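In: Fold the stuff below for me.
(chains A, B, C and D, ligands or ions: 4)
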There are 4 protein chains.
Amino acid sequence: MKELKRKAYERALEDLYEDLVSLQRWIITNGKRVALVFEGRDAAGKGGVIKAISAPLNSRYTRVVALPKPTERESSQWYFQRYVEHLPAAGELVLFDRSWYNRAGVEHVMGFCTPAQYRRFLEDCPAFERLVTDDGLILLKYWLAVDQEYQEQRFAERASDPLKRFKISPVDLEARTQYAAYGAARDAMIAATDTPWAPWFVADFNDQRRGRLDVIRHLLARLPERARPDKPLKLPRLARKPAREHLAD
Amino acid sequence: MKELKRKAYERALEDLYEDLVSLQRWIITNGKRVALVFEGRDAAGKGGVIKAISAPLNSRYTRVVALPKPTERESSQWYFQRYVEHLPAAGELVLFDRSWYNRAGVEHVMGFCTPAQYRRFLEDCPAFERLVTDDGLILLKYWLAVDQEYQEQRFAERASDPLKRFKISPVDLEARTQYAAYGAARDAMIAATDTPWAPWFVADFNDQRRGRLDVIRHLLARLPERARPDKPLKLPRLARKPAREHLAD
Amino acid sequence: MKELKRKAYERALEDLYEDLVSLQRWIITNGKRVALVFEGRDAAGKGGVIKAISAPLNSRYTRVVALPKPTERESSQWYFQRYVEHLPAAGELVLFDRSWYNRAGVEHVMGFCTPAQYRRFLEDCPAFERLVTDDGLILLKYWLAVDQEYQEQRFAERASDPLKRFKISPVDLEARTQYAAYGAARDAMIAATDTPWAPWFVADFNDQRRGRLDVIRHLLARLPERARPDKPLKLPRLARKPAREHLAD
Amino acid sequence: MKELKRKAYERALEDLYEDLVSLQRWIITNGKRVALVFEGRDAAGKGGVIKAISAPLNSRYTRVVALPKPTERESSQWYFQRYVEHLPAAGELVLFDRSWYNRAGVEHVMGFCTPAQYRRFLEDCPAFERLVTDDGLILLKYWLAVDQEYQEQRFAERASDPLKRFKISPVDLEARTQYAAYGAARDAMIAATDTPWAPWFVADFNDQRRGRLDVIRHLLARLPERARPDKPLKLPRLARKPAREHLAD
Ligand SMILES: Nc1ncnc2c1ncn2[C@@H]1O[C@H](COP(=O)(O)OP(=O)(O)O)[C@@H](O)[C@H]1O
Ligand SMILES: Nc1ncnc2c1ncn2[C@@H]1O[C@H](COP(=O)(O)OP(=O)(O)O)[C@@H](O)[C@H]1O
Ligand SMILES: Nc1ncnc2c1ncn2[C@@H]1O[C@H](COP(=O)(O)OP(=O)(O)O)[C@@H](O)[C@H]1O
Ligand SMILES: Nc1ncnc2c1ncn2[C@@H]1O[C@H](COP(=O)(O)O)[C@@H](O)[C@H]1O
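Out: Ligands and ions are numbered 1, 2, ... in the order given. As a prediction, this is how the structure comes out:
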């Protein structure tokens, strides 16, 4: 399939904005809490889809959570503790750019956790997600799939682009040579944590533009109860003619 | 002056992305801390300029802070306390969508604070900003200026757009009739808090697109010590041919 | 049984200090995490036993958590969220003066939560505690039992003591008349949440002094792997004779 | 002067409890915010005096803050940031066991901060304290003075006591040999930061018991506007005879 052209992409994206705003309105007016988790290999396009979704939304009710690697103190706490503090309150939409699933991905593959911690995570994670969703949280998880060919293209672009080079971390470089290991980790992770209360969706991100649109459409289809447009709002007429913002100087 | 056309705007914006990324790289590699404050009337375009700036940036080092109205407990604490907790650590860029300046704006005009609290704020704010900037924080403050004519246009659009109506809060409606009071508040605020260590910049946001480009260019001009592009990064060849992300099923 | 005399109590308590310190040393040097939950009727003596336990301990590793009633925002979050943030990191001992069990006690009896929320809590709580204890947290829960006769005595004392009157909240007054309802709530709570991984212990607090000693002894018996005393530490001799802290003036 | 005997100490201490409780009642009912800072050499007795003060108080309105050494991320933030988050809200009393003054003490003497950071602290600290006290915080600072002779005695006790040995940190051992340097640091610190809005008080802690009583008496004298005892509170009679807490089993 040919890559989606930029123009077509932008038109399609903007057509979705209305529905995204309407979705957010539903979240706010009904005090819903929604968390979206985005996982995938490096350069899969997590940051891009998050920006596409949040572009039209009201930032006072939208948060992107992209946590750095844990501090020593955090490492000694309950594994989910530092994520729990970012879960949404009523009316909020939180987008996780990577998440607690680090343990089943980078931490497992790179040896940043013990095998026992890894196994425990696969067992505990569904129970954790059960608790928070039983309590009313809406939790959807997206895996952005990218074949190595495309991942390599993006790495090559980053390496050659003087401005993007610094985005390539040592962990990324190591990950390149571990493509298969990450694939196995992804399979084990999805097998263990794809549940009715917190399902995984896999999106093809070989073409990022198509991928973004797919994710947004999927999201809109999953959360169909959007708010009806409000009744027309009549603004009272101003008492005097519009002023200018002439600043004192 | 005619409104900047969308196409021209987008081209110009993307031309600035490189420099924004380069600026961020400088922030990260030098462990700088940068906070940008965006203030302005409702519908001036704070959210839009924040999105334009953060679009090309790495989200692990960029945060948008848009705090809701204070809880009762927060109201009883040191006024700056809930903002302090969001100040950037090394390498971070924080964009404040409204800020502690609420006290000199909406709180003052709408009577959400006492006159004494208001006067104290105007006196204390420069001292507070002095402390955090002396400590190394880079703090720039932008006032997005919009004439009432344009503000009214945007309100009218919002009111007629079934999807945007809900963005208009009672506080906004009240603010419409208080255009002049807000103007006086803005003058008093800027007079009291425009300092060498935390200067205010006024940007004309009657045309939002032009306004956004102006703010970004201004920002890039103020923080000129950007990072030199890295030396080329050579990616080692993969040992085997690229794999595909075929998921187990 | 006669009330334990103050003198005898103090001697006995101090005899236990050594072991408490030794227990803390074990926690610190092994990076353990311990949380103790204290529940019981008003005036049962939660604050007193917490003070008795923490008296000899190093405050840098001991925390008392006594949360006020939830703010509106907190109420809209995952019920356990505001408690999770206080769970101990490695080396820490956290003492909860009331806890998430509020939902099964005061909130249920006083109607501060819905019946559905109450039932959900009884179901979810063991799963929550399973997660945090599987992860390594040591969690012990104490119910301080006090017969109404003694509770009434203490209320009467508080009411007549000009300095303690303000400790009696409207919620307390209401609770007096609900002694039986609280008893039923306690039974349902313990039945639903007494688990191998997070057991309840009931301590007789009709005599507070005896009660405190019992709890401490129980605690010491449950966590028997205490640290062996360190090898003697030899302080090098000072190079010159001891100085005085004469302050400049 | 002879050491104060334990018995006499305890009697005197308990005589002060009433006033402490009354002080707290004043804090709570008037929504005051009070922070007490305790500084002094190792083994001076900071922990002890904090426990003596908080013993009779309601723990829901009293907090002890004893922060561990800063994480790397915290070190990169505004120096006061991690302390600000613990400042009291209305009705709260916060006791700092060490504080931001670490920078002028251990950090300066041990070389954990740069000379520039140290000088900046001495300059900024009064401005910081001015801000928070102008905003209504009541801030009192105590230096617990102990001559080296007594400090050595306490170190020797700790070293010989198998249970206290672990309290002696490497930083403490080093501090022993730096008695004079700490003295000079204390003088510089007090000279720079003793202000009308946040005064220092020096208490002689060669005799810890006397020292504790002195601090409490001083505190009570400084905050004299205590609450009048409430009017007698009449508890309505119970409708039936007192029940027993017989637990279901
Ligand atoms: N030592 C570590 N322990 C745990 N997680 C780590 C560690 N190092 C890196 N990570 C995590 O691995 C992920 C990938 O790291 P990196 O490639 O540096 O960042 P990013 O993909 O966000 O650019 C991040 O979520 C990071 O937090
Ligand atoms: N409206 C409420 N919703 C939830 N919990 C509440 C509410 N009011 C009081 N509580 C809780 O009930 C418990 C008892 O309240 P109270 O008697 O006022 O405090 P205490 O027993 O700590 O002196 C406290 O833990 C408090 O947080
Ligand atoms: N590397 C460091 N940087 C900054 N502060 C430190 C460092 N190491 C220790 N401290 C601080 O010095 C003080 C004394 O340390 P220590 O003697 O270990 O603790 P304590 O006196 O609390 O038993 C503590 O407040 C600690 O946080
Ligand atoms: N009662 C209030 N006290 C303080 N700030 C408020 C209050 N109500 C609204 N605000 C602030 O005013 C700004 C505009 O509010 P709104 O138009 O309602 O989104 C936001 O920054 C709010 O946090």
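In: sec struct for the residue positioned nearest the centre of chain A, please.
Out: The centre of chain A sits closest to residue A:38, judged by CA atoms, centre = their mean, with a distance of 3.6 Å. Using DSSP: H, G, I helix; E, B strand; the rest coil, the secondary structure recorded for residue A:38 is strand.
In: I'd guessed it sits against residue A:50; true?
Out: Yes - the pair residue A:38 / residue A:50 is scored as a contact, 6.2 Å apart, by CB atoms under 8 Å. Using the backbone N, CA and C atoms, a C-beta is placed for each residue, glycine as well.
In: where in chain A is pLDDT low?
Out: Scanning chain A for pLDDT under 70 picks out the ranges A:1, A:162-163, A:166, A:225-232, A:248-249.
In: if you go through it in chain order, where are the strands?
Out: In chain A, strands defined by DSSP state E lie at A:34-40, A:62-65, A:93-97, A:138-145, A:200-204, listed in chain order.
In: now the ones you listed as JSON lines including distance to ligand 2?
Out: Written out in JSON lines, the entries for the strands of chain A read as follows (distance: least, CB to the nearest ligand atom, whole Å):
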{"stretch": "strand A:34-40", "distance to ligand 2": "25"}
{"stretch": "strand A:62-65", "distance to ligand 2": "26"}
{"stretch": "strand A:93-97", "distance to ligand 2": "25"}
{"stretch": "strand A:138-145", "distance to ligand 2": "25"}
{"stretch": "strand A:200-204", "distance to ligand 2": "36"}
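In: Let's have those in CSV, adding distance to residue A:243.
Out: As requested, the strands of chain A are exported to CSV (distance: least, CB to CB, whole Å):
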stretch, distance to residue A:243
strand A:34-40, 40
strand A:62-65, 32
strand A:93-97, 36
strand A:138-145, 44
strand A:200-204, 49
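In: of all those strands, which lies closest to ligand 3?
Out: When the strands of chain A are compared for distance to ligand 3 using CB to the nearest ligand atom, the nearest one is strand A:62-65, at 28.9 Å.
In: Going by neighbour count, list what's buried in the closest one.
Out: Applying a neighbour-count criterion of 16 or more other CB atoms under 10 Å in any protein chain shown, the buried positions in strand A:62-65 are A:62-65.
In: Looking at those, which one is closest to residue B:96?
Out: Within the buried residues of strand A:62-65, proximity to residue B:96 (CB to CB) peaks at residue A:63, which comes in at 14.2 Å.
In: ok, that closest one to ligand 4 distance?
Out: Counting by CB to the nearest ligand atom, to the nearest Å, the gap between residue A:63 and ligand 4 amounts to 16 Å.
In: Specify the beta-bridge partners of that residue.
Out: Under the criterion DSSP bridges, residue A:63 forms beta bridges with residue A:94.
In: can I assume it is in contact with residue A:86?
Out: Yes - the pair residue A:63 and residue A:86 passes the contact test of CB under 8 Å, sitting 7.2 Å apart.
In: can you list residues touching both of the two?
Out: Common neighbours of residue A:63 and residue A:86, counting by CB atoms under 8 Å, 6 or more residues apart in numbering or on different chains, are residue A:94.
In: what residues do residue A:38 and residue A:50 have in common as contacts?
Out: Overlap between the contact sets of residue A:38 and residue A:50, as judged by CB under 8 Å, 6+ apart, is given by A:95, A:97.
In: got the buried residues of strand A:62-65 as CSV, with distance to ligand 1 columns?
Out: Shown next, in CSV, are the buried residues of strand A:62-65 (distance: CB to the nearest ligand atom, whole Å):
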residue, distance to ligand 1
A:62, 20
A:63, 17
A:64, 12
A:65, 11
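In: wait, which of these is closest to ligand 4?
Out: Ranked by distance to ligand 4 (CB to the nearest ligand atom), the buried residues of strand A:62-65 are led by residue A:62 at 13.9 Å.
In: do you know how far the closest one is from residue B:97?
Out: As judged by CB to CB, to the nearest Å, residue A:62 and residue B:97 stand 11 Å apart.
In: Residue A:222 now?
Out: In this structure, residue A:222 and residue B:97 are separated by 28 Å, where distance is defined by CB to CB.
In: Looking at these two, which is more packed in?
Out: In terms of neighbours (other CB atoms under 10 Å in any protein chain shown), residue B:97 is the more surrounded of residue A:222 and residue B:97; the figures are 20 against 12.
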